[in-house]
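Asks: A predicted structure for the sequence below; I have some questions about it.
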Amino acid sequence: MTNKKKEISIYIDEKLCKGCNICVELCGKDVFTVSGHINRRGYYVPIPTYAEKCTGCLICELICPELAVILEIKEILMQNAK
């Protein structure tokens, strides 16, 4: 018997981010927080502080107006030992 496990990596392209924080506001799992880091454009870039809570729903990636949020989702097959 096999189970699938998701491995999710979240990236913020700070060159593109304009600090709108839509990803912070719309994430239902509170994955993102506003950082104290300012990018070259002068905006505070959000960070995926609680990435382990991410379910891979892709809302943050789909709603980002600057396409700065990137999710990489890998499905890993796990075998159950009997």
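Replies: Structure's in. What do you need? The structure displayed is predicted, hence computed values, not measured ones. Numbering: from 1, shown residues only.

Asks: alpha carbons only for contacts and neighbour counts from here, please
Replies: Will do.

Asks: any idea how far residue 41 is from residue 51?
Replies: As defined by C-alpha to C-alpha, to the nearest Å, residue 51 lies at a distance of 25 Å from residue 41.

Asks: ok, the two, which is more surrounded?
Replies: Using other C-alpha atoms under 10 Å, the more surrounded residue of residue 51 and residue 41 is residue 51, with 17 against 12.

Asks: what's the closest non-adjacent residue to that one?
Replies: Once flanking residues are discounted, residue 51 sits nearest to residue 31: 5.5 Å by C-alpha to C-alpha, 6 or more residues apart in numbering.

Asks: so what pLDDT did that neighbour get?
Replies: Turning to residue 31, the model gives it a pLDDT of 98.

Asks: shouldn't it be in contact with residue 54?
Replies: Yes. Residue 31 lies in contact with residue 54 (C-alpha atoms under 8 Å); the separation is 6.3 Å.

Asks: so which helix or strand takes in the residue nearest to residue 51?
Replies: Following DSSP states H and E, one finds residue 31 outside all helices and strands.

Asks: next up, the contacts around it.
Replies: Residue 31 makes contact with 24, 48-54, according to C-alpha atoms under 8 Å, 6 or more residues apart in numbering.

Asks: how much space between it and residue 42?
Replies: To residue 42, residue 31 is 23 Å away according to C-alpha to C-alpha.

Asks: ok so, going back, can you flag the buried ones in the contacts of residue 31?
Replies: Buried members of the contacts of residue 31, scored by 16 or more other C-alpha atoms under 10 Å, are 24, 48, 51, 54.

Asks: show me the shaky parts of this structure.
Replies: 1-2, 80-82 (pLDDT under 70).

Asks: for it, what spans make up the helices?
Replies: Listed in chain order, the helices of the chain (DSSP state H) span residues 22-26, 59-63.
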